[in-house]
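S.K.: Build me a structure from this.
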Amino acid sequence: MKKNEKRTSVVIIISLLFISIVMLFIMSSALSYLRLNEFQSVLSKITNNSIPNILRSAKIYNKINELTFLTESLVNATSDAAHRIAYQKIQTRLNEIEQVITEKKIDSSVENQLNGLMVEVSSLNVLVEQRLILNQILSDKAQQMFHLYEQLLLYSREELKKTTLGAAGQHNTHIWALKYSELLINSEKSLTIHRLQYVRKTEKSTLKGLNELEPYIEFFPVEKQPIAKELTLKLKKLLIGDNGLFALRIEQLRLIGRVRGRGNFVKNIADDFARVVDFQLYKTNKNVINETGNTSKRISKQTYLMVVSFIIIFILLFWVVFFIKNRFVKRLIGLNKQILARLSGKDISIDITGNDEIADIANSFNFYAKQIEEQKNTLHQLSMTDGLTGIANRRSLDERLLQELNRAKRNQLTLSILLIDIDYFKLYNDHYGHIAGDDCLKQVTKILNSCKQRSNDFVARYGGEEFVFILPNTDVDGAKKFAENVKHKINKGNISHVYSKLVPHITLSFGIANYRCNDDVDVDAILKRADEALYQAKNNGRNCIFTF
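M.R.: Next comes the predicted model:
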C-alpha cells in the first residue's frame, strides 16, 4: 500500500453507491443497506474484538512459555540471589497473566489452571529453599572436616613423634592417623559424588572405620589418649547420626531429586496451560475466518437476490454489483484464503490491495503474525543459549552432538569430544564468591571460544563449571593437540586462583572420547566415555589430559 494513496473507507464507498440510486430503488436500497450494514458490523467486530482477543491470548501464551525457562532457572539456582531473582521473575509473570485473565474475564478453566500452577510454583520454591539451606549446612560440615584435618596434622607432627612407645606402638599410632585421614578423604568425596548408593556405601564403610580407630588408641601414651579419643569423637559426631554429614548428604540428594521432579511437573503444567491458551487462540482465529467467510457468502447472496428480484433495473445495478464483488467480495475471499494458508503453516505474507478496513485487517494480521513468529524465534534462541556465558547450553549440545555423530557415521569420519572441568572451582566460589565465580566462567568461556580453529568446532556449557568441545573429523591425536592448545591458553590467561591446590591460577582437566568408523555408540555413550576420561584426569592430579 502506497503512503500517499488516498484513504477510501468501506462504509463511505458503500454509502455513496447506494445513495445515488436510493430515490429510484427504495426497496432495493433498504435491503442492500441492511446487508451491507451487517458487513460493517462484522468488520468492526473483527477489528475491535477478535484481533484484541488474539493479541491477549498470544501475550498470555508467550508469558507462559517464559515460565518454562524461568522454572528451569529456579530449579538450577545455586545461590540465594539466583533463587530470589528467578522466583521474583516467575511471580511477576504469573501476576501479569492473572491480571490479564481477571480484567478480560477469560474462561474460568484457564483461571483454575493458573491457580494450580501458582500452587505448584510455591511448592517448588519451598523445596529449592530447603535445598539451599542444606547446601549451606553441608558446606559448614565440609569446613569442620577441614579443621579436623588440620588438628590431625598438628597432632601427628607435634605430639605423636614425641611418643616413647616401641616400634609396634609407633606402627599402630601411624596406622590410626592414616585411617583417620582416609575417613576424612572418603567422607569429603561423598560431597561431590551424586550417587545415593555410593554415599550410603561410604557411610557404612566410614562407620566401620570409626569403630576400628578406637583399638589403636590403646597404644598411645596415657596422657595423649584423651586427645586422640576427642578427635575420634568429633569425627563421629560430624559424620554419623541424624545431623551427621552422611544423613544430610542423603537428604540433600533426595531433595535434589524432588526439586527436579517438581520442576518437571511445573513445566508440564505450564505446557498444558499453554496448550489451553493456544486452543483458545485457535478458536478465536477460526471465528474470525468463519465470520469473514460468512460475510462473503452473505454479500454474494445479496448480489444474487438483487439480480433475480430486480431484472428491470439489472443494467443500473450491474455495475454496482460488479464493483462490490471486485472491490470487497474478492478481496475478502482472497483474505480468507491467505489467512487459511498462513494458519496452515505456509510462509506467505497476506497481501490485500487498497486503503480501507479490509486492508487494515490484512496489515494487522501480518503485523501480529510477524510479532508472534519473532517472539517464538527469540524464545527458541534463548532456550538454546546458556544465560550466563552466552554460549550453547546442554540442550543445544545434545542436538549438535547428535547431528555430528550421525554425520560421522554416514561419511565414515572420526569425531572427538572434549569434556572440560575447571579445577577446584568450588574453592574458587567459596573464597571469591559466586559473583566472582560467574565472572571466572565468563573469562574461561572467552578463552575457549578463542581456541576454535574451524567454523564447525562447537563449544557448549555442559553444566556448572564443565564445558564440552565437539571436534568433527578429528582423531585422538588431533584432539590431544587441541586440548594442549586450550590448556596452554588457559594457563597463559593466568586467571587468579590462589586457593587452588595446584597453582595460583585457574587450570583445567580434560577428558577425551573419540568416535571411530563403525564404532557402535550413541550420544549418551560417547558423553559417558568423556566423563570417565575426565574422572580419570582428576584422579591423576588434575590440570592434565586423559583419553578414554
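
S.K.: In this structure, which helix is the longest?
M.R.: Identified as the longest helix of the chain according to DSSP state H is helix 245-309.

S.K.: other SSEs contacting that one?
M.R.: Counting contacts by 3 or more Cβ pairs under 8 Å, 6 or more residues apart in numbering; DSSP states H and E, helix 245-309 is packed against helix 26-45, helix 51-75, helix 108-158, helix 196-217, helix 225-239, helix 314-324, helix 330-343. All C-beta spots, glycine's among them, are computed from the backbone N, C-alpha and C.

S.K.: Mind checking the pLDDT average for the first one?
M.R.: Predicted confidence along helix 26-45 averages 67 (mean pLDDT).

S.K.: what do you get for the shortest one?
M.R.: Model confidence over helix 314-324, given as mean pLDDT, is 70.

S.K.: care to break the protein down by domain?
M.R.: 10-68+277-381, 132-252, 394-547 (automatic domain parsing).

S.K.: For stretch 119-138, buried residues please.
M.R.: Buried residues in stretch 119-138, counted by 16 or more other Cβ atoms under 10 Å: 120-121, 124-125, 127-128, 131-132, 134-135, 138.

S.K.: Near T192, how many other residues are there?
M.R.: Neighbourhood size, T192 [other Cβ atoms under 10 Å]: 9.

S.K.: So what's the residue count around L153?
M.R.: Quick note: L153 (other Cβ under 10 Å) scores 12 neighbours.

S.K.: do the same with A270
M.R.: Applying other Cβ under 10 Å, we find 23 residues neighbouring A270.

S.K.: The one 4 residues further on now?
M.R.: For A274, the count of nearby residues is 19 (other Cβ under 10 Å).

S.K.: nearest to R84, of the domains of the chain?
M.R.: With Cβ to Cβ as the measure, domain 132-252 is the member of those nearest R84 (10.3 Å).

S.K.: so what pLDDT did the closest residue to Q225 other than its chain neighbours get?
M.R.: Closest residue to Q225 apart from its sequence neighbours, by Cβ to Cβ, 6 or more residues apart in numbering: I217 at 5.5 Å. We have a pLDDT of 72 for I217.

S.K.: which residues sit in contact with I217?
M.R.: 176, 225, 228-229, 232 (Cβ atoms under 8 Å, 6 or more residues apart in numbering).

S.K.: I'd assumed I289 was in contact with L340.
M.R.: Yes - using Cβ atoms under 8 Å, L340 makes contact with I289 at a distance of 6.5 Å.

S.K.: okay, these two: which has more neighbours?
M.R.: Each of L340 and I289 has its neighbours counted (other Cβ under 10 Å); I289 has more, 18 against 14.

S.K.: In the stretch 301-450 of the chain, where is pLDDT below threshold?
M.R.: Along the stretch 301-450 of the chain, the parts satisfying pLDDT under 70 run over 302-303, 305-307, 309-310, 313-314, 316-318, 326-328, 342-343, 345-357, 367-369, 372-383.

S.K.: follow-up on the earlier one: mind giving me JSON lines with the buried residues of stretch 119-138 and columns for pLDDT?
M.R.: Formatted as JSON lines, these follow (pLDDT from 0 to 100):
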{"residue": "E120", "pLDDT": "81"}
{"residue": "V121", "pLDDT": "82"}
{"residue": "L124", "pLDDT": "81"}
{"residue": "N125", "pLDDT": "83"}
{"residue": "L127", "pLDDT": "83"}
{"residue": "V128", "pLDDT": "83"}
{"residue": "R131", "pLDDT": "81"}
{"residue": "L132", "pLDDT": "85"}
{"residue": "L134", "pLDDT": "81"}
{"residue": "N135", "pLDDT": "83"}
{"residue": "L138", "pLDDT": "80"}
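
S.K.: Tell me which residue is most central in the chain.
M.R.: Central residue of the chain (Cα atoms, centre = their mean): F69, 4.4 Å from the mean position.

S.K.: Export the buried residues of stretch 119-138 to a markdown table and append columns for distance to M27.
M.R.: A markdown table is the format used below for these (distance: Cβ to Cβ, whole Å):
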| residue | distance to M27 |
| --- | --- |
| E120 | 64 |
| V121 | 64 |
| L124 | 69 |
| N125 | 70 |
| L127 | 74 |
| V128 | 74 |
| R131 | 79 |
| L132 | 80 |
| L134 | 84 |
| N135 | 84 |
| L138 | 89 |
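
S.K.: and which of those is nearest to E212?
M.R.: Of the buried residues of stretch 119-138, the one sitting nearest to E212 (Cβ to Cβ) turns out to be L138, at 25.4 Å.

S.K.: ok, that closest one - contacts?
M.R.: 191, 245, 248-249, 252.

S.K.: hmm, 7 Å instead?
M.R.: 191, 248-249, 252 (Cβ atoms under 7 Å, 6 or more residues apart in numbering).

S.K.: close enough to count as contact, L231 and Q151?
M.R.: Yes - assessed by Cβ atoms under 7 Å, L231 is found in contact with Q151 at 6.2 Å.

S.K.: Tell me how far the residue nearest to Q225 lies from I13.
M.R.: For I217, the distance to I13 equals 105 Å [Cβ to Cβ, to the nearest Å].

S.K.: Quickly note the distance from the nearest residue to K141 once chain neighbours are set aside to I101.
M.R.: Closest residue in space to K141, ignoring its immediate chain neighbours: L245 at 4.7 Å, by Cβ to Cβ, 6+ apart. Noted for L245: a distance of 47 Å to I101, by Cβ to Cβ.

S.K.: Looking at these two, which has the bigger crowd around it?
M.R.: L245 (27 against 19).

S.K.: any idea how far that one lies from P226?
M.R.: In terms of Cβ to Cβ, L245 sits 24 Å off from P226.

S.K.: cool, C440 as well?
M.R.: Counting by Cβ to Cβ, the gap from C440 to P226 is 45 Å.

S.K.: higher neighbour count, these two?
M.R.: Higher neighbour count among C440 and P226: C440, with 20 against 11, using other Cβ under 10 Å.

S.K.: Pull the contacting residues for that one.
M.R.: Per Cβ under 7 Å, 6+ apart, neighbours of C440: 428, 495, 506.

S.K.: Now do the helix or strand where the first one lies: which elements does it pack against?
M.R.: Using DSSP states H and E, Y428 sits in helix 425-432. In this structure, helix 425-432 makes packing contacts with helix 434-450, judged by 3 or more Cβ pairs under 7 Å, 6 or more residues apart in numbering; DSSP states H and E.

S.K.: Specify the angle between the helix or strand following the helix it packs on and helix 434-450 in degrees.
M.R.: Downstream of helix 434-450, the next assigned helix or strand under DSSP H and E is strand 458-463. Here strand 458-463 points in a direction 160 degrees away from that of helix 434-450 (axes from the mean of the first three to the mean of the last three Cα atoms, to 10 degrees).
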